[in-house]
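Student: Have a look; sequence and predicted model below, questions after that.
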Amino acid sequence: MAFEIQPTEGLIVYLHSLKHSRNLRSFGRLYYVSKRMRYALLYVSLNQEDEVIKKLTAQNYVKQVVPSHLNELLSKVADNDSNGQDDDDRFDEDFEN
């Protein structure tokens, strides 16, 4: 039995009141709650993302649900680092006369 990592997507959920932040646990893995800015970071399974967004926006305590773009950013950074040239070589090229 092999352990499989399930792909997840982060959702930023803006709330009217923080007392409903515990209810978000039923939708996915609650990772972070900002008290000052009244938002929560929630991780859900990638294949259930659209369903969870619809359910969350239907809740009366939710202002807005925004998908996180962290996965896209990490893939772009990984693509830029894999161009075959080391960081040290690029640093030396900048200072050559």
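Tutor: In hand now; what should we look at? The shown structure was predicted, so the numbers you read here are calculated from the model rather than taken from an experiment.
Student: now the helices for this protein?
Tutor: 49-58, 70-81, 87-94 (DSSP state H).
Student: Contacts for the second one next, please.
Tutor: Just to be clear, that refers to helix 70-81. Outside of helix 70-81, the residues within contact range by Cβ atoms under 8 Å, 6 or more residues apart in numbering are 9, 10. Any C-beta I mention is one placed from the backbone N, CA and C, and that applies to glycine too.
Student: just the first one next, same as before
Tutor: Contacting residues not belonging to helix 49-58 are listed as 9, 11, 13, 24, 27, 28, 44, 62, 64, 65, 67 [Cβ under 8 Å, 6+ apart].
Student: redo that, cut-off 10 Å
Tutor: 7-11, 13, 23-24, 26-28, 42, 44-45, 48, 62-67 (Cβ atoms under 10 Å, 6 or more residues apart in numbering).
Student: related to what we said a few turns ago, make TSV out of the helices of the chain and add distance to residue 2, mean pLDDT and mean neighbour count.
Tutor: Below are those laid out as TSV (distance: least, Cβ to Cβ, whole Å; pLDDT from 0 to 100; neighbours: other Cβ atoms under 10 Å):
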stretch	distance to residue 2	mean pLDDT	mean neighbour count
helix 49-58	24	96	14
helix 70-81	23	73	10
helix 87-94	34	59	9
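Student: Is it possible to get JSON lines of those that adds distance to residue 1?
Tutor: Shown next, in JSON lines, are those (distance: least, Cβ to Cβ, whole Å):
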{"stretch": "helix 49-58", "distance to residue 1": "27"}
{"stretch": "helix 70-81", "distance to residue 1": "27"}
{"stretch": "helix 87-94", "distance to residue 1": "39"}
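Student: Which one of the ones you listed lies nearest to residue 32?
Tutor: With Cβ to Cβ as the measure, helix 70-81 is the member of the helices of the chain nearest residue 32 (12.4 Å).
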